[in-house]
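>>> just a sequence and a predicted model for now, questions to come.
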Amino acid sequence: MPKFSANLGFLWPDRPLLDRIDAAADAGFEAIELHWPYDTDPADVRKLCKARELTLLGINTYAGDTAKGEFGLGALPGREVDFQQAVDQSIAWCRASGAQAIHAVAGVIPFDEAHARDTFIGNLIRAADKAAAHDVTLLLEPINQRDKPGYFYSNLSQAEVILDAVDRPNLRLMFDVYHVGVTEGDVLTRLRRHMPRIGHVQIAAVPSRAEPDEGELRYEAIFETLDSLGYTGWIGCEYKPRTDTDAGLKWLAKLGVSLRATR
Ligand SMILES: O=C(O)C(=O)[C@@H](O)CO
Ligand SMILES: [Mg+2]
(Lines give C-alpha, C1' and ligand atoms only; values in the text may rest on other atoms or scores of the structure.)
(Ligands and ions follow the chains in the order given, each with its own letter.)
Protein backbone atom coordinates (compact mmCIF):
# COMPACT_ATOMS: atom_id res chain seq x y z
CA MET A 1 0.00 0.00 0.00
CA PRO A 2 1.37 3.44 -0.87
CA LYS A 3 1.96 5.81 2.03
CA PHE A 4 1.71 9.53 1.44
CA SER A 5 3.58 12.48 2.85
CA ALA A 6 2.27 16.06 2.76
CA ASN A 7 4.58 18.41 0.89
CA LEU A 8 4.12 21.61 2.87
CA GLY A 9 5.86 23.67 0.21
CA PHE A 10 2.61 23.43 -1.74
CA LEU A 11 -0.20 22.19 0.53
CA TRP A 12 -2.08 24.69 2.72
CA PRO A 13 -0.08 27.50 1.08
CA ASP A 14 -1.99 30.30 2.85
CA ARG A 15 -0.85 29.31 6.37
CA PRO A 16 2.37 29.73 8.38
CA LEU A 17 4.52 26.59 8.48
CA LEU A 18 3.57 25.42 11.98
CA ASP A 19 -0.13 25.73 11.08
CA ARG A 20 0.51 23.75 7.89
CA ILE A 21 2.04 20.99 10.01
CA ASP A 22 -1.06 20.93 12.19
CA ALA A 23 -3.27 20.88 9.09
CA ALA A 24 -1.38 17.89 7.70
CA ALA A 25 -1.80 15.98 10.96
CA ASP A 26 -5.49 16.94 11.18
CA ALA A 27 -6.00 15.64 7.63
CA GLY A 28 -4.48 12.29 8.61
CA PHE A 29 -0.99 12.50 7.10
CA GLU A 30 1.72 10.64 9.03
CA ALA A 31 4.71 12.29 7.32
CA ILE A 32 5.57 15.71 5.98
CA GLU A 33 8.25 17.23 3.76
CA LEU A 34 9.21 20.87 3.42
CA HIS A 35 10.77 23.15 0.82
CA TRP A 36 12.70 26.00 2.48
CA PRO A 37 11.79 26.05 6.19
CA TYR A 38 14.77 28.11 7.35
CA ASP A 39 12.72 31.00 8.78
CA THR A 40 11.10 28.62 11.26
CA ASP A 41 12.85 27.45 14.43
CA PRO A 42 13.73 23.77 13.83
CA ALA A 43 13.20 23.01 17.53
CA ASP A 44 9.57 24.15 17.22
CA VAL A 45 9.13 21.91 14.17
CA ARG A 46 10.65 18.93 16.02
CA LYS A 47 8.38 19.49 19.01
CA LEU A 48 5.25 19.80 16.92
CA CYS A 49 6.07 16.75 14.77
CA LYS A 50 6.60 14.73 17.93
CA ALA A 51 3.34 15.93 19.44
CA ARG A 52 1.42 15.18 16.23
CA GLU A 53 3.24 11.87 15.57
CA LEU A 54 4.56 13.04 12.19
CA THR A 55 7.71 11.81 10.49
CA LEU A 56 9.72 14.71 9.08
CA LEU A 57 11.25 13.79 5.74
CA GLY A 58 13.13 16.23 3.51
CA ILE A 59 14.07 19.86 2.99
CA ASN A 60 15.87 21.71 0.15
CA THR A 61 19.21 23.44 0.18
CA TYR A 62 19.09 27.25 0.08
CA ALA A 63 17.84 28.41 -3.31
CA GLY A 64 20.07 31.50 -3.54
CA ASP A 65 18.83 34.89 -4.69
CA THR A 66 15.54 33.88 -6.30
CA ALA A 67 14.76 37.51 -7.21
CA LYS A 68 17.78 37.31 -9.51
CA GLY A 69 16.63 33.99 -10.95
CA GLU A 70 18.82 31.70 -8.85
CA PHE A 71 17.41 28.28 -7.98
CA GLY A 72 20.08 26.38 -6.09
CA LEU A 73 23.84 26.64 -6.09
CA GLY A 74 25.10 23.06 -6.44
CA ALA A 75 26.15 23.15 -10.09
CA LEU A 76 27.29 26.76 -10.27
CA PRO A 77 31.03 27.06 -10.97
CA GLY A 78 32.56 29.63 -8.64
CA ARG A 79 29.87 29.19 -5.97
CA GLU A 80 31.35 26.12 -4.29
CA VAL A 81 31.86 27.83 -0.95
CA ASP A 82 28.30 29.17 -0.97
CA PHE A 83 26.95 25.71 -1.78
CA GLN A 84 28.87 24.06 1.08
CA GLN A 85 27.53 26.75 3.42
CA ALA A 86 24.04 25.92 2.17
CA VAL A 87 24.66 22.22 2.82
CA ASP A 88 25.94 23.00 6.32
CA GLN A 89 22.82 25.09 6.96
CA SER A 90 20.59 22.22 5.79
CA ILE A 91 22.43 19.60 7.85
CA ALA A 92 22.21 21.79 10.95
CA TRP A 93 18.48 22.31 10.33
CA CYS A 94 17.99 18.54 9.88
CA ARG A 95 19.83 17.78 13.10
CA ALA A 96 17.80 20.28 15.09
CA SER A 97 14.44 19.34 13.57
CA GLY A 98 14.85 15.61 12.99
CA ALA A 99 14.51 15.87 9.20
CA GLN A 100 16.07 12.94 7.34
CA ALA A 101 16.93 14.14 3.84
CA ILE A 102 18.16 17.12 1.85
CA HIS A 103 17.46 17.82 -1.80
CA ALA A 104 20.69 19.33 -3.18
CA VAL A 105 19.27 21.98 -5.51
CA ALA A 106 21.52 22.36 -8.56
CA GLY A 107 20.79 25.75 -10.06
CA VAL A 108 20.02 27.51 -13.31
CA ILE A 109 23.15 27.51 -15.43
CA PRO A 110 24.27 30.08 -17.94
CA PHE A 111 27.45 27.92 -18.07
CA ASP A 112 29.03 25.16 -20.06
CA GLU A 113 27.18 21.95 -19.09
CA ALA A 114 30.29 19.79 -18.58
CA HIS A 115 31.85 22.40 -16.30
CA ALA A 116 28.64 22.62 -14.30
CA ARG A 117 28.42 18.81 -14.04
CA ASP A 118 31.99 18.55 -12.75
CA THR A 119 31.23 21.27 -10.23
CA PHE A 120 28.06 19.52 -9.07
CA ILE A 121 29.83 16.16 -8.74
CA GLY A 122 32.67 17.64 -6.69
CA ASN A 123 30.23 19.53 -4.50
CA LEU A 124 28.05 16.46 -3.96
CA ILE A 125 30.97 14.25 -2.91
CA ARG A 126 31.80 16.69 -0.12
CA ALA A 127 28.15 17.22 0.76
CA ALA A 128 27.28 13.51 0.82
CA ASP A 129 30.20 12.73 3.13
CA LYS A 130 29.21 15.52 5.51
CA ALA A 131 25.58 14.39 5.47
CA ALA A 132 26.53 10.73 6.03
CA ALA A 133 28.23 11.66 9.29
CA HIS A 134 24.78 12.72 10.54
CA ASP A 135 22.81 9.90 8.94
CA VAL A 136 21.21 12.30 6.47
CA THR A 137 20.39 11.34 2.87
CA LEU A 138 21.02 13.67 -0.07
CA LEU A 139 18.55 13.66 -2.94
CA LEU A 140 18.96 14.50 -6.63
CA GLU A 141 15.91 15.71 -8.54
CA PRO A 142 15.76 16.41 -12.29
CA ILE A 143 13.37 19.36 -12.79
CA ASN A 144 11.53 20.06 -16.04
CA GLN A 145 12.53 22.96 -18.28
CA ARG A 146 9.03 24.35 -18.63
CA ASP A 147 8.78 25.10 -14.91
CA LYS A 148 12.42 26.06 -14.49
CA PRO A 149 14.01 27.11 -17.79
CA GLY A 150 17.79 26.67 -17.74
CA TYR A 151 17.77 24.32 -14.74
CA PHE A 152 20.93 22.24 -14.81
CA TYR A 153 19.30 18.86 -15.35
CA SER A 154 15.88 17.58 -16.37
CA ASN A 155 16.44 13.94 -17.38
CA LEU A 156 16.87 10.84 -15.26
CA SER A 157 19.82 9.77 -17.40
CA GLN A 158 21.66 12.95 -16.36
CA ALA A 159 20.92 12.15 -12.72
CA GLU A 160 22.20 8.63 -13.29
CA VAL A 161 25.56 9.93 -14.55
CA ILE A 162 25.91 12.11 -11.45
CA LEU A 163 24.89 9.30 -9.07
CA ASP A 164 27.49 7.02 -10.66
CA ALA A 165 30.23 9.63 -10.48
CA VAL A 166 29.54 10.59 -6.86
CA ASP A 167 29.04 6.96 -5.85
CA ARG A 168 27.90 7.51 -2.27
CA PRO A 169 25.22 5.29 -0.66
CA ASN A 170 23.49 8.28 0.92
CA LEU A 171 23.02 10.03 -2.44
CA ARG A 172 19.67 8.90 -3.88
CA LEU A 173 17.25 9.82 -6.61
CA MET A 174 14.12 11.86 -5.97
CA PHE A 175 11.76 10.51 -8.62
CA ASP A 176 9.26 13.33 -9.03
CA VAL A 177 6.65 11.73 -11.26
CA TYR A 178 5.41 15.15 -12.35
CA HIS A 179 8.81 16.26 -13.68
CA VAL A 180 9.45 12.87 -15.27
CA GLY A 181 6.02 12.96 -16.91
CA VAL A 182 6.56 16.45 -18.32
CA THR A 183 10.11 15.86 -19.55
CA GLU A 184 10.29 12.21 -20.56
CA GLY A 185 7.02 10.28 -20.12
CA ASP A 186 7.08 6.47 -20.10
CA VAL A 187 6.85 6.72 -16.33
CA LEU A 188 6.28 3.04 -15.45
CA THR A 189 9.31 1.89 -17.44
CA ARG A 190 11.46 4.57 -15.84
CA LEU A 191 10.25 3.62 -12.36
CA ARG A 192 11.30 0.03 -13.02
CA ARG A 193 14.70 1.09 -14.36
CA HIS A 194 15.57 3.54 -11.61
CA MET A 195 13.95 1.81 -8.62
CA PRO A 196 17.23 0.62 -7.05
CA ARG A 197 18.38 4.23 -6.74
CA ILE A 198 15.12 5.87 -5.71
CA GLY A 199 15.17 7.47 -2.28
CA HIS A 200 11.91 9.39 -2.51
CA VAL A 201 8.92 9.77 -4.85
CA GLN A 202 6.77 12.85 -5.42
CA ILE A 203 3.50 13.18 -7.34
CA ALA A 204 1.23 15.67 -9.09
CA ALA A 205 -0.99 15.63 -12.16
CA VAL A 206 0.60 16.19 -15.55
CA PRO A 207 0.39 18.79 -17.01
CA SER A 208 -1.48 20.85 -14.40
CA ARG A 209 0.60 20.00 -11.29
CA ALA A 210 -2.71 19.81 -9.41
CA GLU A 211 -4.16 16.85 -7.46
CA PRO A 212 -3.15 13.57 -9.17
CA ASP A 213 -6.70 12.62 -10.20
CA GLU A 214 -6.66 14.48 -13.53
CA GLY A 215 -4.50 14.79 -16.60
CA GLU A 216 -2.47 12.35 -18.64
CA LEU A 217 -1.04 10.07 -15.94
CA ARG A 218 -3.06 7.22 -14.44
CA TYR A 219 -1.81 7.22 -10.89
CA GLU A 220 -3.60 3.98 -9.99
CA ALA A 221 -1.10 2.20 -12.28
CA ILE A 222 1.82 4.16 -10.85
CA PHE A 223 0.91 3.18 -7.27
CA GLU A 224 0.45 -0.45 -8.31
CA THR A 225 3.84 -0.41 -10.00
CA LEU A 226 5.54 1.12 -6.97
CA ASP A 227 3.99 -1.61 -4.80
CA SER A 228 4.95 -4.36 -7.21
CA LEU A 229 8.54 -3.08 -7.32
CA GLY A 230 8.69 -3.29 -3.53
CA TYR A 231 8.86 0.47 -2.92
CA THR A 232 8.07 1.01 0.75
CA GLY A 233 9.16 4.65 1.01
CA TRP A 234 6.94 7.70 1.24
CA ILE A 235 5.21 9.33 -1.72
CA GLY A 236 5.27 13.10 -1.42
CA CYS A 237 2.06 14.93 -2.36
CA GLU A 238 3.81 17.83 -4.05
CA TYR A 239 0.91 19.26 -5.99
CA LYS A 240 -0.70 22.69 -6.19
CA PRO A 241 -4.29 22.28 -4.93
CA ARG A 242 -6.93 23.33 -7.46
CA THR A 243 -8.82 25.16 -4.69
CA ASP A 244 -8.93 24.27 -0.99
CA THR A 245 -6.26 21.78 0.13
CA ASP A 246 -8.57 19.80 2.46
CA ALA A 247 -11.39 19.58 -0.09
CA GLY A 248 -8.87 18.48 -2.71
CA LEU A 249 -7.87 15.42 -0.65
CA LYS A 250 -10.90 13.60 -2.05
CA TRP A 251 -8.52 12.45 -4.81
CA LEU A 252 -7.32 9.74 -2.40
CA ALA A 253 -10.70 8.01 -2.17
CA LYS A 254 -11.23 8.52 -5.89
CA LEU A 255 -8.01 6.61 -6.64
CA GLY A 256 -8.69 3.94 -3.99
CA VAL A 257 -5.84 4.88 -1.64
CA SER A 258 -5.74 6.30 1.86
CA LEU A 259 -3.60 8.28 4.29
CA ARG A 260 -3.88 5.53 6.89
CA ALA A 261 -1.77 2.98 5.07
CA THR A 262 0.69 2.60 7.95
CA ARG A 263 -1.86 2.13 10.74
O1 LIG B 1 10.02 21.59 -7.56
C2 LIG B 1 10.07 20.45 -7.10
O3 LIG B 1 9.64 19.48 -7.74
C4 LIG B 1 10.63 20.18 -5.79
O5 LIG B 1 10.65 19.05 -5.38
C6 LIG B 1 11.09 21.28 -4.93
O7 LIG B 1 11.66 20.76 -3.78
C8 LIG B 1 12.05 22.22 -5.52
O9 LIG B 1 13.11 21.61 -6.03
MG1 LIG C 1 9.65 17.68 -6.65
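Yep, it's here. Ligands and ions are numbered 1, 2, ... in the order given.

>>> confirm that residue 89 lies within a helix, as I assumed.
Yes. The assignment for residue 89 by DSSP: H, G, I helix; E, B strand; the rest coil puts it in a helix.

>>> so it sits against residue 62, correct?
Yes. Between residue 89 and residue 62 a contact is recorded at 6.1 Å, counting by C-beta atoms under 8 Å. Using the backbone N, CA and C atoms, a C-beta is placed for each residue, glycine as well.

>>> hmm, who's touching the top helix by length along the chain?
Longest helix of the chain, by residue count under DSSP state H: helix 113-132. Identification of contacts with helix 113-132 by C-beta atoms under 8 Å, 6 or more residues apart in numbering yields 74-77, 80, 83-84, 87-88, 91, 102, 104, 106-107, 109, 137-138, 140, 152, 158, 161-162, 165-166, 168-171.

>>> same thing but at 6 Å, please
Helix 113-132 is contacted from outside by 74-75, 77, 80, 83, 87, 91, 106, 109, 138, 152, 165-166, 168, 170-171, using C-beta atoms under 6 Å, 6 or more residues apart in numbering.

>>> which ChimeraX command selects the buried ones in those?
Buried subset of these, written as a ChimeraX selection, criterion 16 or more other C-beta atoms under 10 Å:
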select :74,75,83,87,91,106,109,138,152,166,168,170,171
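
>>> and the contacts of helix 113-132, which is closest to ligand 1?
Nearest to ligand 1, judged by C-beta to the nearest ligand atom, of those is residue 106 at 9.1 Å.

>>> show me the contacts for that closest one.
For residue 106, the contact set (C-beta under 6 Å, 6+ apart) comprises 72, 74, 75, 120, 152.

>>> got these as CSV, with distance to residue 36, secondary structure and pLDDT columns?
Listed next are these as CSV, based on distance: C-beta to C-beta, whole Å; DSSP: H, G, I helix; E, B strand; the rest coil; pLDDT from 0 to 100:
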residue, distance to residue 36, secondary structure, pLDDT
72, 11, strand, 98
74, 15, coil, 98
75, 18, coil, 97
120, 20, helix, 98
152, 18, coil, 96
